[in-house]
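> please work out how this folds:
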Amino acid sequence: MNRLAERVCLVTGSTGMAAAATRRFAAEGGRVFIVSRTADHAQALADAINGSGGEAAWVAADLADEAATDSAVEACVDLFGRIDGLFSVAGGSGRRFGDGPIHTVGREAWDRTLELNLTTQALICRAVVGRMLAQPPNSSGTRGSILLMGSVTATDPAPEFFATHAYAAAKGAINALMTTMAATYLPDRIRVNVIAPGLTATPMAGRAAGDRAIRAYAARKQPLAGEMMDPDEVAQAAVFLLSDESRTITGQLLKVDGGWSVASASASASPEAGR
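Numbering: from 1, shown residues only. This next block holds a predicted model:
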């Protein structure tokens, strides 16, 4: 408990892993600021945290909009004075835009999927890093910790069920962005890491949760988690990477995947399944 005491944590997103992490950050003594496109979800999450004795605030913003993103970060700093941690979670599947195998992906599907999963993270990093550079180090001697949301599908693909190439490309770019940011801001004592979850029980995973073949595959692919990972498993790792327990860790990709990246599991399905 209290691993994030006196720390200000900004979280993008308000459901699934973002909601689990926000609750966990507050339980660890952090002051949390929620930035979400969906005002109802953000307000309900903040109200629940405040009602249970935590400290939370929120603002609605489209993180693909540079001005809106800057304003959200300004609101956090105006309220809490600084930002010690960023957990950039907001994103989603590009299937609704037409994401899939590259030979089927049109320009709009590509652009919309990368905007949702890469541009949004780049813009929030731009605004938060600017603030962290201007603030004095905290009690650990660092100016802040940034944790970006990756995916095991970028490094350990399962094309039989998850052949969404624009999404995987966006998550792969997040890994590269993390590495170059970690190197650039190391002298400023700003840490940057990526967390890459396996298949997790979130609203985004609704398609997978409703497919018995995918659930059976996931049970073989991530046996430490079962069919679907609990979002709180990711939240616990996020606490570690934003707390002083990881103060010497930067430039790292942490796979929280129940064994996905090292398991050998056949799909037992045709290559067309899940496309």
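
> got any ranges where the chain has weak pLDDT?
Along the chain, the model assigns pLDDT under 70 to residues 205, 208, 265-275.

> pull the longest helix from it.
helix 165-184 (DSSP state H).

> and the next helix or strand past that helix?
strand 190-197 (DSSP states H and E).

> name every strand pairing with that next one and say which way it goes.
Within its sheet, and counting by DSSP bridges, strand 190-197 is paired with strand 144-149 (parallel), strand 253-256 (parallel).

> residues contacting stretch 15-26, please?
In this structure, residues lying in contact with stretch 15-26 by Cβ atoms under 8 Å, 6 or more residues apart in numbering are 4, 9, 11-14, 32, 34, 36, 38, 41, 45, 48-49, 52, 54-56, 85, 87, 89-90, 149, 197, 200, 202-204, 230-232, 234-236, 238-239, 242. Yep, even glycine has a C-beta here, placed from its N, CA and C like the rest.

> residues near Leu224, how many?
A count of nearby residues for Leu224, using other Cβ atoms under 10 Å, gives 12.

> how about the helices in the stretch 1-150 of the chain?
16-27, 39-51, 66-80, 107-114, 120-134 (DSSP state H, counting those that start in this stretch).

> highest average neighbour count across these?
helix 16-27 (a mean of 24; mean count of other Cβ atoms under 10 Å).

> between helix 39-51 and that helix, find me the angle.
20 degrees (axes from the mean of the first three to the mean of the last three Cα atoms, to 10 degrees).

> so how far is helix 16-27 off the chain centroid?
Relative to its chain's centre, helix 16-27 lies at 11 Å (Cα atoms, centre = their mean, to the nearest Å).

> over to stretch 38-45?
Taking the mean of its C-alpha atoms, stretch 38-45 sits 17 Å from the chain's own mean (Cα atoms, centre = their mean).

> same deal with stretch 100-114?
With Cα atoms, centre = their mean, you get 21 Å for stretch 100-114.

> end to end on that stretch, go ahead and measure it.
End-to-end distance of stretch 100-114 (Cα to Cα, to the nearest Å): 13 Å.

> go on, stretch 126-144?
14 Å.

> contacts for it?
Contacts of stretch 126-144 (Cβ under 8 Å, 6+ apart): 6-7, 10, 69-70, 72-73, 77, 82-86, 146, 181, 185, 188-191, 244, 247.

> just the buried ones among these, please.
Buried subset of these (neighbour count, 16 or more other Cβ atoms under 10 Å): 7, 10, 69-70, 72-73, 77, 82-86, 146, 181, 185, 189-191, 244.
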